[in-house]
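**Student:** Following is a predicted model, sequence given first.
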Amino acid sequence: MNRPLPSHFELTDPELAALEKQRQALEARNKSVKRTVVLIFFSVTFSVFYAVVVAFGSREIGFWVLLWWIPFVLILLLMSAGFIAAIARSESALLKPFLPRPYERMMRYVAFREAESNYQVWFQRTQDDFWNSLSGAQFEREVVELLNRAGFIAQLTSGSGDGGVDIVLDDGTIIQCKARRGPCGPAVLRELYGSLHDFGAHKAILISREGFTAASIQFVEGKPIELWDRNTLVALQRSLP
């Protein structure tokens with residue numbers, strides 16, 4: 001994946017700077033709208049509630065009105081929260097509702113920012129530091145996401161009673177992930193080889209962040225087991241468009 005440039009979206013640097021200022025102004029306007037929505041919601045809710053209680057005047061009636069009013073207030077609160085979330089859901093949602101009319105240059109700017117964000121996510125995952133910083137569970141999730149982005153259909157196992165299998169591909173391939181420090185020895189591969197037969201799988205993959213010992217590499221010779229390390233994951237990420 002190549003880093004997106006403003007010129008790829010037919011934008012010049014001065015245009016980009018001007019559109020960035022406009023985006024900041026629209027963000028400030030959105031924040032003001034959110035505050036206004038919240039203020040109106042609470043003002044209307046409590047004003048009507050107060051008016052109903054005063055109108056009935058009775059303590060008993062007021063108590064039952066209160067019981068009825070609580071779910072009503074909760075519904076209004078959820079509706080208000082949903083409206084606010086919709087405003088901030090994406091960059092496009094942030095900009096489009098408040099433009100007098102959407103126009104091409106601003107839409108190109110939005111597309112550029114989205115492409116730049118996607119590039120940053122992609123680039124981060126091509127760095128060794130990213131993979132080294134992950135815990136075991138995070139490592140497994142990132143591997144699944146990478147495999148799915150690369151065109152595989154991968155799914156995490158339940159984590160208990162999985163026989164040492166962390167991920168299963170749609171073709172039946174089983175995968176075990178190891179994010180521990182130091183290269184994996186043959187003991188892990190013996191366990192995976194046993195799981196391969198237990199699952200009736202035709203292939204297994206062991207993904208070890210720190211690589212493998214010479215004995216491990218020798219163990220898999222002639223067996224339907226592939227060895228992937230951090231470099232394999234980085235190379236797969238870099239091959240993605």
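**Tutor:** Received it, and whenever you're ready, just let me know what you need.
**Student:** Show me the helices in this protein, by range?
**Tutor:** Taking DSSP state H as the criterion, the chain carries its helices at 13-56, 59-87, 91-95, 104-124, 128-132, 136-149, 186-199, 214-219, 230-238.
**Student:** Can you work out which other helices and strands pack against the last one?
**Tutor:** Identification of packing neighbours for helix 230-238 by 3 or more CB pairs under 8 Å, 6 or more residues apart in numbering; DSSP states H and E yields helix 128-132, helix 136-149. Glycine gets a C-beta too; all of them are placed from N, C-alpha and C.
**Student:** What are the contacting residues of that helix?
**Tutor:** 1, 122, 125-128, 131-132, 143, 146, 150, 207, 209-211 (CB atoms under 8 Å, 6 or more residues apart in numbering).
**Student:** Would you mark the buried spots in it?
**Tutor:** Of the residues in helix 230-238, 230, 233-234, 236-237 count as buried by neighbour count, 16 or more other CB atoms under 10 Å.
**Student:** how about those residues in TSV, adding pLDDT and distance to Ala17?
**Tutor:** Output for these, formatted as TSV (pLDDT from 0 to 100; distance: CB to CB, whole Å):
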residue	pLDDT	distance to Ala17
Arg230	93	39
Leu233	93	37
Val234	92	34
Leu236	92	37
Gln237	91	32
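**Student:** Output the below-cut-off pLDDT ranges for this protein.
**Tutor:** Applying pLDDT under 70 to the chain flags residues 34, 45-74, 76-77, 79-103, 159-163.
**Student:** Nearest to the spatial middle of it, which residue is it?
**Tutor:** For the chain, Glu145 is the residue whose C-alpha lies nearest the centre (CA atoms, centre = their mean; 9.5 Å).
**Student:** measure the nearest residue to Asp128 once chain neighbours are set aside to Gln120 for me?
**Tutor:** Among residues not flanking Asp128 along the chain, Arg230 sits closest, at 6.3 Å (CB to CB, 6 or more residues apart in numbering). From Arg230 over to Gln120 the distance is 20 Å, taken as CB to CB, to the nearest Å.
**Student:** Kindly report the same for Arg108.
**Tutor:** 19 Å.
**Student:** more neighbours, the two?
**Tutor:** Ranked by neighbour count (other CB atoms under 10 Å), Arg108 and Gln120 place Arg108 first, with 18 against 11.
**Student:** Neighbours of Arg3, how many?
**Tutor:** Using other CB under 10 Å: Arg3 sits among 11 other residues.
**Student:** For it, grab phi and psi.
**Tutor:** phi -70, psi 130 (degrees, to the nearest 10).
**Student:** For the nearest residue to it once chain neighbours are set aside, list the residues it contacts.
**Tutor:** Of all residues not flanking Arg3 in the chain, Tyr119 sits nearest, at 5.4 Å (CB to CB, 6+ apart). Going by CB under 8 Å, 6+ apart, Tyr119 touches 1, 3-4.
**Student:** okay if I get these as CSV plus distance to Phe199?
**Tutor:** Formatted as CSV, the contacts of Tyr119 follow (distance: CB to CB, whole Å):
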residue, distance to Phe199
Met1, 35
Arg3, 42
Pro4, 42
